[in-house]
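Undergrad: how does the following fold in three dimensions:
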Amino acid sequence: MTGQSPPTILCAGRLYCDLIFTDLPHLPRLGEEVFAPDLSLHAGGGAFITAAAIQAVGGQAGLCATLPSVPFADTVLRDIADVGIDATLCAAAAPEQSPQVTVVSVLDNDRAFLSHTSGPALPDVDWGTGWRHLHIGELRTLVEHPDLIAQARAQHMTVSLDCGWDDALVHRGAEMTHLIKDVDLFLPNASELAALMDGGLPQNAAPLTVVKDGAQGARVERAGGVHHCPAPAVEVIDTTGAGDAFNGGFLVAWLSGAPLAQALSAGVRCGAAAVGQVGGTGGLTNLHRIPFEAAE
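TA: Below you'll find the predicted structure:
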């Protein structure tokens, strides 16, 4: 439908300061030390990176999260402001909270994470009205705040959920089923979905499941079959946040009424852009807006 307004999407999840080490000769081993030639600090966490991608393709994104404590809050707030995300639903960490950070080690087109969480993922705030969709940045946040879906439904919002690799959860698929089945859209990567299903998650637990598979692209899994969208060949600098960037592109297209094939393509385009620079959002600045026209 020509002239349709861009979707308004509230992203909720843990907010980190990412300390990204690049050009490593190899990963650290116990008892040894590795020196990284480059280090950079960026706002991180799935909810933030998805929100940044939403803004980059012309959607309207808000973020509901607890800020990392000092001295990292300023870095995170700077990055949130730079990409234009509405941060009015973010709140400062309690004074006694330790810094919430992720150490990212980038090596051979892949990365490893070491994260520290502190305090509640989300502040106790009133969302207000005007949001059309809730995106939950990781399964852990929904486990910690199981009332999120009910809050969204009370405001007639649709709901999507990423998984995020969490050793304490991804192998407990049967226990996660009641949460995953209640969202409209589930967005795991291939490894996360495999672990969940090995742990008892039924196939097609959510009404719609979109599986992200790195350089292989992404696919939609539903009762009627599978649709696949390959990823373009691009130079990979840092894969941090590529799946979260995919979420942003897919959500804007999907919520605008685009066919699944077009939404997949939009998501893959965002994921491919994200890997071209260090950090989850640096590569998103050159993305073009997604036309907000529903499918005929």
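Undergrad: okay, CA-based contacts and neighbour counts for the rest of this
TA: Will do.
Undergrad: okay, now the unreliable bits of this protein?
TA: Across the chain, the ranges flagged by pLDDT under 70 are 1-4, 223, 238-240, 278-283, 285-296.
Undergrad: those strands in it, which residues are they?
TA: Using DSSP state E, the strands found in the chain span residues 8-12, 16-22, 38-44, 60-64, 101-107, 110-116, 133-136, 158-162, 185-187, 209-212, 218-222, 225-229.
Undergrad: roughly how far is the shortest one from the heart of the chain?
TA: Counting by Cα atoms, centre = their mean, to the nearest Å, strand 185-187 is centred 11 Å from the centre of its parent chain.
Undergrad: please name every helix or strand in contact with it.
TA: Here strand 185-187 touches strand 158-162, strand 209-212, going by 3 or more Cα pairs under 8 Å, 6 or more residues apart in numbering; DSSP states H and E.
Undergrad: list the contacts of Cys90.
TA: Contacts for Cys90 (Cα atoms under 8 Å, 6 or more residues apart in numbering) come out as 63-67, 123.
Undergrad: which one of the residues you listed sits closest to Glu32?
TA: The closest of these to Glu32 turns out to be Leu67 (Cα to Cα; 32.9 Å).
Undergrad: ok, the closest residue to the closest one other than its chain neighbours to Tyr16 distance?
TA: Take Leu67 and drop its neighbours on the chain: the residue closest to it by Cα to Cα, 6 or more residues apart in numbering is Ala92, 5.1 Å away. Separation of Ala92 from Tyr16 (Cα to Cα, to the nearest Å) stands at 12 Å.
Undergrad: anything in contact with each of the two?
TA: Taking Cα under 8 Å, 6+ apart as the criterion, Ala92 and Tyr16 both touch 67-68.
Undergrad: between the two, tell me which one has more neighbours.
TA: Tyr16 (29 against 13; other Cα atoms under 10 Å).
Undergrad: verify the stated contact: the more buried one with Gln100.
TA: Yes: counting by Cα atoms under 8 Å, Tyr16 does reach Gln100; the two are 5.4 Å apart.
Undergrad: what touches both of the two?
TA: Common contact partners of Tyr16 and Gln100 (Cα under 8 Å, 6+ apart): Pro68.
Undergrad: show me where the chain has helices.
TA: For the chain, the helices defined by DSSP state H occupy 46-56, 73-83, 139-144, 148-154, 173-180, 190-198, 242-255, 260-274.
Undergrad: need the winner for burial among those helices.
TA: Highest mean neighbour count among the helices of the chain (mean count of other Cα atoms under 10 Å): helix 46-56, with a mean of 31.
Undergrad: the inter-axis angle of that one versus strand 16-22?
TA: 80 degrees (axes from the mean of the first three to the mean of the last three Cα atoms, to 10 degrees).
Undergrad: helix 46-56 - contacts with which helices or strands?
TA: By 3+ Cα pairs under 8 Å, 6+ apart, helix 46-56 packs against strand 8-12, strand 60-64, helix 73-83, helix 242-255.
Undergrad: nearest to Ser40, of the ones you listed?
TA: When these are compared by Cα to Cα, helix 73-83 sits nearest Ser40, at 10.7 Å.
Undergrad: contacts for the closest one next, please.
TA: Residues outside helix 73-83 that contact it (Cα under 8 Å, 6+ apart) are 16-17, 41-44, 48, 52, 55-56, 67-68, 87.
Undergrad: before we move on, back to that, which among the strands of the chain is found nearest to Ala174?
TA: Ranking these by proximity to Ala174 (Cα to Cα) places strand 185-187 first, at 15.3 Å.
Undergrad: which residues sit against the closest one?
TA: Identification of contacts with strand 185-187 by Cα under 8 Å, 6+ apart yields 159-163, 180, 206-212, 247.
Undergrad: same question for stretch 241-254.
TA: Contacts for stretch 241-254 (Cα under 8 Å, 6+ apart): 6-7, 45-47, 49-54, 57, 59, 187, 189, 212, 214, 260, 262-272, 274-275, 279-281, 290, 292.
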